[in-house]
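Undergrad: The following comprises the amino acid sequence and a computationally predicted model.
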Amino acid sequence: MAKKKVVENSSAGVQYGAPLLKRLAHKYTGVGLAIAVAVHFMGVGAYYGAQYLNREDDNAPMVRVLSYSELGPPPSIQNQQALPQVAVSTPMAKPNVGIPVPVPDAEVSPEQTIATQQELSKIAGPVSQGTGGDSVGVSMGNFRVPDDGPPPDFVPVEKEPQIIKQVIPKYPELAQRAGIEGRVIVKIWVDKDGKPHKAVILKSDAEIFNAPAQEAAMQYRFTPAIMNKGPVAVWVVIPFTFKLKQQ
């Protein structure tokens, strides 16, 4: 069987042994050498290509950081050379704006002079009026301090006004004869001095009691309401009851 196989291989032209191995060795050795040379050329080309791409431009500005010790001493002021002066061939016109012009005293208008202290003292001031003693009042003529207007219905205060003077309203004689009783609620505008500025009727059981209630409300006195350490004007509601005495 083995002899038959050798004959068939020899007839096909295939020879095994040293000649075949030599041919294969030469073949693959050349292929490996060519691959090695190609790899080396690629490595050398990549190295020089990187060097070429990373080369520094000669025209690029160079920046260098120096310490104070490397700068050295500053140049002397005394040894500085004077800069050359530039000669101007054409004459320059003088500015005519913003230059003060002296004015003689004789040309000054008397209306533009400032009055002296002696002249001001001779000017008559407001006429003073006194009632005797050391008290002196100043006449303000028709001058009147403008009113701020009534306060809103609700004013936030830190301290509410307190009654320091209370007045009982006068009972109307006609109401006494008719035996009429009732109650009147009055809203009083209390100013910053604690004085009533206006009295408004909010509710009344009988119209006959309105005028006496308003008259008594205007005679009340209060401590002023306080807000932010200062007096403020507020509205105060006071009820007045008119009731006959039982005999």
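TA: Yep, it's here.

Undergrad: Strands of the protein, residue ranges please.
TA: Assigned by DSSP state E, the strands in the chain fall at 128-129, 137-138, 163-165, 182-190, 196-204, 221-222, 225-227, 230-232, 234-242.

Undergrad: okay if I get the ones you listed as CSV plus mean neighbour count and mean pLDDT?
TA: Backbone N, C-alpha and C define where each C-beta goes, glycine included. Formatted as CSV, these follow (neighbours: other C-beta atoms under 10 Å; pLDDT from 0 to 100):
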stretch, mean neighbour count, mean pLDDT
strand 128-129, 10, 49
strand 137-138, 10, 44
strand 163-165, 11, 93
strand 182-190, 19, 94
strand 196-204, 15, 93
strand 221-222, 18, 94
strand 225-227, 18, 92
strand 230-232, 16, 92
strand 234-242, 17, 94
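
Undergrad: Go through those and name the closest to residue 26.
TA: Across the strands of the chain, residue 26 has its closest neighbour in strand 225-227 (116.3 Å, C-beta to C-beta).

Undergrad: With respect to residue 69, which of the strands of the chain lies nearest?
TA: Per C-beta to C-beta, nearest to residue 69 of the strands of the chain: strand 230-232, 68.0 Å.

Undergrad: what pairs with the closest one, and is each one parallel or antiparallel?
TA: strand 225-227 (antiparallel) (DSSP bridges).

Undergrad: Which one of the strands of the chain lies nearest to residue 175?
TA: Across these, closest to residue 175 is strand 234-242 (C-beta to C-beta), at 6.9 Å.

Undergrad: What helices and strands are in contact with that closest one?
TA: Packing contacts for strand 234-242, counted by 3 or more C-beta pairs under 8 Å, 6 or more residues apart in numbering; DSSP states H and E, involve strand 182-190, helix 210-217.

Undergrad: quick one, which of these is nearest to residue 245?
TA: strand 182-190 (15.1 Å).

Undergrad: Now render the strands of the chain as CSV, adding distance to residue 157.
TA: Output for the strands of the chain, formatted as CSV (distance: least, C-beta to C-beta, whole Å):
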stretch, distance to residue 157
strand 128-129, 37
strand 137-138, 33
strand 163-165, 15
strand 182-190, 11
strand 196-204, 17
strand 221-222, 12
strand 225-227, 4
strand 230-232, 6
strand 234-242, 6
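
Undergrad: Among these, which comes closest to residue 32?
TA: By C-beta to C-beta (comparing all of the strands of the chain), the closest turns out to be strand 225-227, at 105.5 Å.

Undergrad: The strands of the chain: which one's closest to residue 27?
TA: Evaluated with C-beta to C-beta, the strands of the chain place strand 225-227 nearest to residue 27, the distance being 113.3 Å.

Undergrad: if we can go back for a sec, distance to residue 52 added to the helices and strands packed on strand 234-242, as JSON lines?
TA: Compiled in JSON lines, those are given as follows (distance: least, C-beta to C-beta, whole Å):
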{"stretch": "strand 182-190", "distance to residue 52": "98"}
{"stretch": "helix 210-217", "distance to residue 52": "107"}
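
Undergrad: Out of the strands of the chain, which is closest to residue 19?
TA: Comparing these against residue 19 with C-beta to C-beta, the closest turns out to be strand 225-227 (124.8 Å).

Undergrad: Look up how far residue 178 lies from residue 44.
TA: 135 Å (C-beta to C-beta, to the nearest Å).

Undergrad: Please consider this matter closed, and thank you.
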